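K.L.:
attaching a predicted model along with its sequence, questions to come.
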Amino acid sequence: MLDKLITSKTRLKLLIKFFVLAGNHGHLRGLAGEFQESTNAIRKELNQLSAAGYLERIIVKNKIIYRANTRHTLFDPLQKLIRTYLGIDEIIDQVLDKAGDVSEISFIGDCAKGEDLGIIEILILGKNLDQDYLINIAHQISLRIGKQITIKFNEQYSLQRIVLFRI
């Protein structure tokens, strides 16, 4: 749905990266590698999003680091829109309420790359997790949003991921 409104796939990937969790940040070359896009395509979108005030630019050790501008008047609506698009707004609330001692929730797989292929892969780290409850919730939400949800628990994951919640 959102990909019909925002036709630039690169821009959509960047919005997902920065607005799914305000703490996410990145720099030009790192983002180009992460999304397997050219630095010119990433630079163009970063410049436009920064000029519009959606992203902040911070210089750290001669690198320009980008992150969501949480003071922008549209930050909260954009974050809600991105989370709704990905189908995670409900998941996070329900997981944190009843799932055990959750320390981190992350997107992995295609979703972490900013691609919507109808499958949402989630990694949940924590202690005393109620896995049956989480699998049941994932199934209920997948029926409601029309996307398959798979959950992995306490696994080592070295590939790209987008952190949604972290203690």
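P.N.:
That came through fine. Numbers count the residues shown, from 1 in each chain.

K.L.:
got the CA positions of the one helix or strand residue 133 maps to in CSV?
P.N.:
Residue 133 is part of helix 131-145, with elements assigned from DSSP states H and E. Extracted in CSV, the C-alpha atoms of helix 131-145 (Å, rounded to 0.1, in the frame of the first residue of the first chain):
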residue,chain,number,x,y,z
GLN,A,131,6.9,-18.9,23.0
ASP,A,132,3.4,-20.5,22.6
TYR,A,133,1.8,-17.2,23.4
LEU,A,134,4.0,-15.3,20.9
ILE,A,135,3.4,-17.8,18.1
ASN,A,136,-0.4,-17.6,18.7
ILE,A,137,-0.3,-13.8,18.6
ALA,A,138,1.8,-13.8,15.4
HIS,A,139,-0.8,-16.1,13.8
GLN,A,140,-3.8,-13.9,14.9
ILE,A,141,-2.1,-10.8,13.6
SER,A,142,-1.0,-12.4,10.3
LEU,A,143,-4.6,-13.3,9.6
ARG,A,144,-5.7,-9.7,10.3
ILE,A,145,-3.0,-8.0,8.2
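
K.L.:
could you point out which element follows it?
P.N.:
Scanning forward in sequence from helix 131-145 by DSSP H and E, the next helix or strand is strand 148-153.

K.L.:
lowest-confidence helix or strand of the protein?
P.N.:
Across the helices and strands of the chain, mean confidence by mean pLDDT, DSSP states H and E is lowest for helix 89-98: a mean of 70.

K.L.:
quick one: pLDDT of the most centrally placed residue in the chain?
P.N.:
Nearest to the mean C-alpha position of the chain, counting by Cα atoms, centre = their mean, stands residue 20 at 4.1 Å. pLDDT for residue 20: 79.

K.L.:
and for the one 5 residues further on?
P.N.:
Model confidence at residue 25, given as pLDDT, is 88.

K.L.:
go on, the one 4 residues further on?
P.N.:
At residue 29, the pLDDT value in this model is 94.
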